[in-house]
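Participant: Sequence first, then the predicted structure, then my questions.
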Amino acid sequence: MIAVLPSSERFHTEAGWLDSRHTFSFADHYDPERVGFRALRVINDDRVQPGRGFGSHSHRDMEIITYVLSGELGHKDSLGNGSVIRPGDVQRMSAGTGVVHSETNPSRSEAVHFLQIWIVPDRPGHRPGYEQKAFPDADRRGKLRLVASSNGRDGSVGIHQDASVYAALLEPGERVSHEPRAGRHAWVHVARGSVDLNGKTLREGDGAAVSDEPRLDLTAKDSAEVLLFDLA
């Protein structure tokens, strides 16, 4: 079964410096029927204007993954980390017992476009942690590249949850496939372009909840960037 959430049905926050589309309930946007999918709690599609950003704020008991699509995002946190996240980078911050961080666009001229993803951890109270790795275009082109997993396998960042996150860059007509184990579920998010998922068309910003499908075939209709979440 595949249930498509069109991009147009996402929640929307517009604050001048911020344009954000929320796949699931977030902040002032709440729908009891859409508070996440399995352990996946948030996919925010954020665009932040030059020199602006999110000031210091706290989180706890959440696995937070940041995936930049264009531009650059500056990060600082109470663990002592300071970095710039660029396209192809995947940053993981385990909030655990508590962490304070800020995210700003360091550019004076270019907006930053990124996805911020929250995954509920397997239990509360983990020690806070941070990790950032680069996944060049060549690693993601024409394939589903594992970028986050419970054990950090294959060079992915490690998260405290039985979930695997894959990223793919596809040219028109390219196909990739994924076969979830029995009893698993998946969420597909199209970051750019459009794809065919088992006969259903997904366009930029669309998402799809997948259950009881033995195989997922993704075929690009035009140049596309896709994230796939394999979830318990």
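Facilitator: That came through fine.
Participant: ok, V147 to D19 distance?
Facilitator: Taking Cβ to Cβ, to the nearest Å as the criterion, V147 is separated from D19 by 25 Å. From N, CA and C alone the C-beta is placed, and that goes for glycine too.
Participant: Would you mind telling me which of these two has the busier surroundings?
Facilitator: Neighbour count, other Cβ atoms under 10 Å: between V147 and D19, V147 has more, with 24 against 16.
Participant: Can you show me the CA trace of the helix or strand harbouring that one as CSV?
Facilitator: Here V147 sits within strand 145-149, counting by DSSP states H and E. Extracted C-alpha coordinates of strand 145-149, given in CSV (Å, rounded to 0.1, in the frame of the first residue of the first chain):
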residue,chain,number,x,y,z
ARG,A,145,23.3,5.4,-0.9
LEU,A,146,22.9,4.6,2.8
VAL,A,147,23.6,7.9,4.7
ALA,A,148,22.2,7.1,8.2
SER,A,149,21.6,3.9,10.0
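Participant: for the residue located most distally from the centre of the chain, what are its contacts?
Facilitator: Outermost residue of the chain with respect to the C-alpha centroid, by Cα atoms, centre = their mean, is R108; its distance is 25.4 Å. For R108, the residues meeting the contact criterion (Cβ atoms under 8 Å, 6 or more residues apart in numbering) are P50, G51.
Participant: tell me the pLDDT at it?
Facilitator: Note for R108: predicted pLDDT of 94.
Participant: So it versus S102, what's the distance?
Facilitator: To S102, R108 is 18 Å away according to Cβ to Cβ.
Participant: which residues does the spatially most central residue of the chain bridge with?
Facilitator: The geometric centre of the chain, computed from its C-alpha atoms, lies nearest to I117 (Cα atoms, centre = their mean), at 4.2 Å. Each beta-bridge partner of I117 is listed here: I43, I65, as defined by DSSP bridges.
Participant: And what about the residue farthest from the centre of the chain, helix, strand or coil?
Facilitator: coil (DSSP: H, G, I helix; E, B strand; the rest coil).
Participant: begin at 748 from here
Facilitator: Fine by me, first position is 748 from now on; the one you just mentioned is R855.
Participant: how about it, phi and psi?
Facilitator: phi -90, psi -10 (degrees, to the nearest 10).
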